[in-house]
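Trainee: Turn this into a model:
(one chain, ligands or ions: 1)
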Amino acid sequence: MEKAAGYPEAESYQLEEPDWLAKLNSLYTEENLSLIRDYLIVHGVMDNADSLDRECYEWKKEYDNTVKGLVGERSDELVISNIITGTLKWPVARLYCEKYLSEADKDRISGLIDEIIAEYHGIIEEADFLKDETKAAAIEKLEAIDKHVLWPDDWSKYDSKDLEITSAADGGTLWEAKKAIVRFDMDDSIREYSEPVDKDLWTFVPNTFNCGYDPQSNSIWIFGAFARGNIYNAEMDDEDLYARLGTVIGHEISHAFDSAGAQFDKDGNMKQWWTDEDWAAFRERNEKLNAYYKAIHPWEGQDLAENKTGEACADMGGIKCMLRMAAKKDGFDYDRFFRSYADLWMEKGTLTMSYVYFNNEHPLPYLRVNCVLQQYDKFLDLYGIKEGDRMYLAPEDRVNIW
Ligand SMILES: [Zn+2]
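Mentor: Prediction:
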């Protein structure tokens with residue numbers, strides 16, 4: 001099948017779900033062929049009915065509403081804009097960047113990342129559970145972190161000028177256009193396949209609302225759509241900037257040194273760069289952090305299912321970094337900073353939504369504020385939180401890794 005699509009033959013394949021393939025093999029028999037064909041036709045039509053013609057589109061909409069229990073309908077304009085942003089991802093991304101993002105913001109955020117990385121030197125150097133040898137390797141990794149800010153510097157990799165779509169005026173249809181785009185994307189992926197891995201390649205478009213750290217390329221990604229509105233804007237003062245985008249950047253850098261990221265070296269290879277003794281001390285700190293979150297029950301009888309170590313470590317690292325930077329600013333308003341940080345994570349949701357967090361590595365939003373801030377004297381002292389108060393955490397009970 002891969003060969004028929006145009007992919008070159010591979011030396012080896014990574015089979016992620018062997019049981020699935022074994023089951024498929026047992027079903028893929030001569031007598032089942034016509035059933036398999038019918039299945040593919042029915043599902044092919046169902047999946048694509050809304051791209052065929054108006055009648056099929058209306059029929060599919062009615063079917064979806066019935067099956068999903070929905071009422072109402074989306075305007076043609078919204079439907080078409082969703083189709084376009086979902087299929088012509090890169091041309092739309094480029095328009096988005098030109099319209100909503102600026103070089104000045106790219107430079108400012110890039111500078112902020114450099115400042116945060118520089119501040120991290122101090123955090124690593126002052127980590128009393130590490131010997132000099134491990135600290136030196138950590139700093140080497142820190143300095144090698146690559147950054148991708150708002151949009152790709154080289155747009156030529158995402159060029160779609162060879163994509164040919166026939167306009168409606170010339171007899172083209174939505175269905176033909178979608179097929180042309182799928183073929184174009186596939187050819188692109190086949191071309192990439194035979195080339196060396198490009199660790200700079202953006203796999204998400206800049207109009208994605210997210211940020212990330214990728215351990216396999218030791219790089220952080222701040223997508224353009226994330227650095228907007230109340231998370232970042234050019235008019236923000238330092239209190240808001242540090243509390244919002246600043247803590248997020250610090251969070252992503254901390255992922256390079258959390259329980260998963262720490263297993264990768266500065267080149268993104270899974271390799272042990274810690275001394276045995278320091279690794280054991282790091283593991284111990286992670287276990288203490290995990291135990292702290294595991295002991296929390298949002299309400300009676302409700303456990304937090306997933307291990308939160310990586311995300312909690314990153315949250316605490318992000319705040320610590322910003323507190324260090326704030327300490328260098330005259331007249332920094334910590335009250336505004338802490339309130340702004342709390343506001344960043346304020347969320348109103350349904351009970352069902354909170355179940356998503358139980359089975360996900362991210363702590364519930366209120367824990368991202370309460371458990372993180374109580375690790376630091378600056379917060380406890382500012383609000384006069386003392387032993388016996390529920391937010392108080394004694395120095396020996398604190399669980400921040402860095
Ligand atoms: Zn994270």
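Trainee: got any ranges where this protein has weak pLDDT?
Mentor: Confidence mapping of the chain against pLDDT under 70 gives the ranges 1.
Trainee: Please enumerate the strands of it.
Mentor: Under the criterion DSSP state E, the chain contains strands at 146-150, 211-214, 219-223.
Trainee: and the ones you listed, which is most packed in?
Mentor: Ranked by mean neighbour count, these are led by strand 219-223 with a mean of 22 (mean count of other CB atoms under 10 Å). In short, each C-beta sits where N, CA and C put it, glycine included.
Trainee: Surely residue 318 touches residue 249?
Mentor: Yes: if you go by CB atoms under 8 Å, residue 318 and residue 249 touch, sitting 7.4 Å apart.
Trainee: interface residues of the stretch 201-350 of the chain facing the ion?
Mentor: 311, 314 (CB under 5 Å from the ion).
Trainee: cutoff 6 Å now
Mentor: For the stretch 201-350 of the chain, the contact set with the ion under CB under 6 Å from the ion comprises 251, 255, 311, 314.
Trainee: can you count the residues close to the third one?
Mentor: Residue 311 has 21 neighbouring residues, counting by other CB atoms under 10 Å.
Trainee: and if you look at the last one?
Mentor: Look at residue 314: counted by other CB under 10 Å, it has 26 neighbours.
Trainee: For it, list the residues it contacts.
Mentor: Neighbour list for residue 314: 251-252, 254-255, 258 [criterion: CB atoms under 8 Å, 6 or more residues apart in numbering].
Trainee: again with the second one
Mentor: For residue 255, the set of contacting residues under the criterion of CB under 8 Å, 6+ apart consists of 213, 215, 261, 310, 314.
Trainee: Next step: those restricted to helices.
Mentor: Members of the contacts of residue 255 lying in helices (criterion: DSSP state H): 310, 314.
Trainee: ok, the contacts of residue 255 vs residue 303, which is closest?
Mentor: Ranked by distance to residue 303 (CB to CB), the contacts of residue 255 are led by residue 310 at 18.3 Å.
Trainee: how many other residues sit next to that closest one?
Mentor: Counted by other CB under 10 Å, the residues lying close to residue 310 total 21.
Trainee: Identify the bridge partners of residue 221.
Mentor: On the basis of DSSP bridges, residue 221 takes part in beta bridges with residue 148, residue 212.
Trainee: any idea which helix is longest in this structure?
Mentor: Assignment by DSSP H gives helix 103-125 as the longest helix of the chain.
Trainee: quick one: which of the contacts of residue 314 is nearest residue 398?
Mentor: Among these, and counting by CB to CB, the member closest to residue 398 is residue 254, at 15.8 Å.
Trainee: Tell me the spacing between the closest residue to the closest one other than its chain neighbours and the ion.
Mentor: Once flanking residues are discounted, residue 254 sits nearest to residue 317: 2.9 Å by CB to CB, 6 or more residues apart in numbering. For residue 317, the distance to the ion equals 10 Å [CB to the ion, to the nearest Å].
Trainee: How many residues are close by residue 317?
Mentor: With other CB under 10 Å as criterion, residue 317 counts 26.
Trainee: right, and it touches residue 376 too?
Mentor: No: judged on CB under 8 Å, residue 317 makes no contact with residue 376 at a distance of 11.7 Å.
Trainee: Determine the residues that are contacts of both of those two.
Mentor: Counting by CB under 8 Å, 6+ apart, the residues touching both residue 317 and residue 376 are residue 400.
Trainee: need the contact list for the closest residue to residue 375 other than its chain neighbours.
Mentor: Closest residue to residue 375 apart from its sequence neighbours, by CB to CB, 6+ apart: residue 400 at 4.4 Å. Applying CB under 8 Å, 6+ apart to residue 400 gives the contacts 289, 313, 316-317, 320, 375-376.
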